[in-house]
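Visitor: Below is the sequence, then the predicted model.
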Amino acid sequence: MAPDVQERSAAGSFHTTDPLPARDRQAHRREALSRTFGAVDVVVPDEVYSGMIRATPLGPLQAVTVDGDGLSAPRTRRLVTQYGQDEDVVVNLLVRGVGRLEQDGRDALLGPGDVFVYDMARPLQLEFPQSFRTKSLVLPRDVLGLSESDVAHITACPLGSDTPLGGLLSPCISGIVDSAGNHLPRTSELMARNVVDLLGVLADEVMGRTRRSTGGTPGGNLALLLRIRAFIDRHLADPGMTPQTIAQAHHISLRYLHKLFEGEEATVGRWIQRRRLEACRRDLALHGNATIAAVAHRWGFASAAHFSRVFRAAYGMSPREWRGARDVPPRVPSSARLADA
C-alpha cells in the first residue's frame, strides 16, 4: 500500500461504501481504514454490505467512528519496517460487537463497552468477526506523554464499562468522539488536553500505579506485579495454577505474593478466577458453536458445574443465558462476590 494512504486531512474525512458498486466496496474499505489509522493489511469479507468511517480533528488528536462488517487488521513487522514507526497510539471504545486484540505478548478478547489501547509503533493483530462499531481517539505519543515502554504496559489490557475507571472513560470517549468538529479551535484544544489527562489516569490504573505518594503498590515492586499479572494471563488455561505455583515461579514467598496484591482489590485466587471468567465470557460470544463445558475447560476450570456456579455469582445469569443476551453489556464481577478459585 502506498505511503500516501496514511495522509490525513486537517478538515477530517468521511468514507462510506453505501453508494459504491459491490465489486468496489472491499478495496475502498481497506484503503479508507489504512488512510485513517496507518498502514495495515486489512482483510474484509468478500461481500461488504456496509461500512462507514468518520474521522474528525480534535486539536492534535483524531476522533474516529468506524461502523460496518467484520474485518481483520494486522500490522505486521514488514509494514512497521517499510513505513517507519508510526507514533500514534489509538484508544478505542467498542460500542457494538466483539473482538480480539493481540499486542506486546497479550491476547485480549473484547466485548461491548470495553476500552482498549493499541500502539501503531509495533506489530499488532486486531479482529472483529462480525458487525461492529468502535469510537476511537488517535493520539501522537508525544502528546500522550508516555514512553514506548509505558505504552507497552497498557496495550491489549481492556477495561470493562462497569469497572470504576472504565465506567468513567466509556461515556467520556463516546461523547468526545460524537461531538468532535462542533467546537471552536480553542475548545477543541482544551478538550484534547482533558482527554490526555484521562488517558494518563488509564495508564496508571492499568499499570497499577498511583499518582499519590502514599498507598498503592510501591514503585520498586510494580515491575514484579506486572510480570506476575502477565504470567497469570499466560497460564489461565492451566487448572494447576495456584498462588503457591505462582510464588514458586517468581522465587518469592506466598506471603509476599499476597502482599503485592493488597492494592488490587482482590486476593490472588480471586484475581485468577476473575481473569478466567472474563476470558470465558468473551469466548462464549466469539465462539458460538463451542460448548459451555469446552469453554470452561479451555480457561482452566476443572468442572463445568463449578464454572456455571461462579459465573452466575459474578454476572447474575448462567453462561447459557449470557450467551443468548450477549448484545447487552454484562456486569463486571465485584471482587467481594467472587469465591476463591
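Guide: Cool, the structure landed. Numbers count the residues shown, from 1 in each chain.
Visitor: quick one: which helix or strand includes residue 72?
Guide: When secondary structure is defined by DSSP states H and E, residue 72 falls within strand 71-75.
Visitor: Distance from that strand to the middle of the chain?
Guide: 15 Å (CA atoms, centre = their mean, to the nearest Å).
Visitor: Ok, stretch 267-280 next?
Guide: With CA atoms, centre = their mean, you get 17 Å for stretch 267-280.
Visitor: and what of stretch 176-186?
Guide: For stretch 176-186, the distance to the chain centre is 24 Å (CA atoms, centre = their mean).
Visitor: Let me see the mean pLDDT of it.
Guide: Stretch 176-186 carries an average pLDDT of 85.
Visitor: Give me the contacts around that stretch.
Guide: With CB atoms under 8 Å, 6 or more residues apart in numbering as the test, stretch 176-186 has contacts from 12, 56-59, 63-65, 93, 135-137, 188, 191, 195. Where you see a C-beta, it was placed from the backbone N, CA and C, and this is true even at glycine.
Visitor: how does it look with 10 Å?
Guide: With CB atoms under 10 Å, 6 or more residues apart in numbering as the test, stretch 176-186 has contacts from 11-12, 54-59, 61-65, 93, 95, 134-137, 187-192, 194-195, 198.
Visitor: can you give me the end-to-end distance of it?
Guide: In stretch 176-186, first residue to last residue: 15 Å (CA to CA, to the nearest Å).
Visitor: Buried by neighbour count: which residues of it qualify?
Guide: By 16 or more other CB atoms under 10 Å, the buried positions in stretch 176-186 come out as 176, 177, 180.
Visitor: if I pick the closest residue to the last one other than its chain neighbours, what's in contact with it?
Guide: Closest residue in space to residue 180, ignoring its immediate chain neighbours: residue 63 at 3.5 Å, by CB to CB, 6 or more residues apart in numbering. For residue 63, the contacting residues are 12, 54-57, 135-138, 173, 176-181, 188, 191-192, 195, by CB under 10 Å, 6+ apart.
Visitor: Per-residue pLDDT of residue 63, please?
Guide: If you check residue 63, the pLDDT there is 91.
Visitor: hang on, it is in a helix, isn't it?
Guide: No - checked against DSSP: H, G, I helix; E, B strand; the rest coil, residue 63 lies outside a helix; its state is strand.
Visitor: related to what we said a few turns ago, looking at the buried residues of stretch 176-186, spot the one nearest residue 73.
Guide: Closest approach to residue 73 among the buried residues of stretch 176-186 (CB to CB): residue 177, at 18.7 Å.
Visitor: pretty sure the closest one is in a helix, no?
Guide: Yes - applying three-state DSSP, one finds residue 177 inside a helix.
Visitor: mean confidence for stretch 71-90?
Guide: 78.
Visitor: one step back: so which of the contacts of residue 63 sit within helices?
Guide: Among the contacts of residue 63, the ones falling in helices (DSSP state H) are 173, 176, 177, 178, 179, 188, 191, 192, 195.
Visitor: Can I get those residues in CSV including distance to residue 308?
Guide: Below are these laid out as CSV (distance: CB to CB, whole Å):
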residue, distance to residue 308
173, 34
176, 39
177, 38
178, 39
179, 43
188, 49
191, 45
192, 46
195, 41
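Visitor: Which one of those is nearest to residue 323?
Guide: Nearest member of the ones in helices among the contacts of residue 63 to residue 323, counting by CB to CB, is residue 173, at 27.0 Å.
Visitor: List the residues that contact that closest one.
Guide: Going by CB under 10 Å, 6+ apart, residue 173 touches 63, 91-93, 95, 115, 134-137, 195, 198-199.
Visitor: All the helices of the stretch 51-200 of the chain, in order from the start?
Guide: For the stretch 51-200 of the chain, the helices defined by DSSP state H, counting those that start in this stretch cover 77-83, 141-144, 148-154, 164-179, 185-207.
Visitor: Give me the mean pLDDT for the shortest one.
Guide: Over the span of helix 141-144, the pLDDT mean works out to 71.
Visitor: Now find how far off-centre it is within its chain.
Guide: Worked out by CA atoms, centre = their mean, helix 141-144 lies 19 Å from the chain centre.
Visitor: what does that helix rub up against?
Guide: With CB under 10 Å, 6+ apart, helix 141-144 has contacts from 59-61, 85-89, 91, 117, 119-121, 137, 147-148, 150-151, 192-193, 195-196, 199-200, 203.
Visitor: quick one: buried residues of that helix?
Guide: The neighbour-count check on helix 141-144 (16+ other CB under 10 Å) flags 141, 143, 144 as buried.
Visitor: quick one: low-confidence parts of the stretch 1-150 of the chain?
Guide: In the predicted model, the stretch 1-150 of the chain carries pLDDT under 70 at residues 1-30, 32-50, 83-86, 142, 145.
Visitor: okay, now the nearest residue to residue 138 once chain neighbours are set aside: neighbour count?
Guide: In this structure, residue 138 finds its nearest non-sequential neighbour in residue 62, 4.0 Å apart by CB to CB, 6+ apart. Using other CB atoms under 10 Å, residue 62 is surrounded by 23 other residues.
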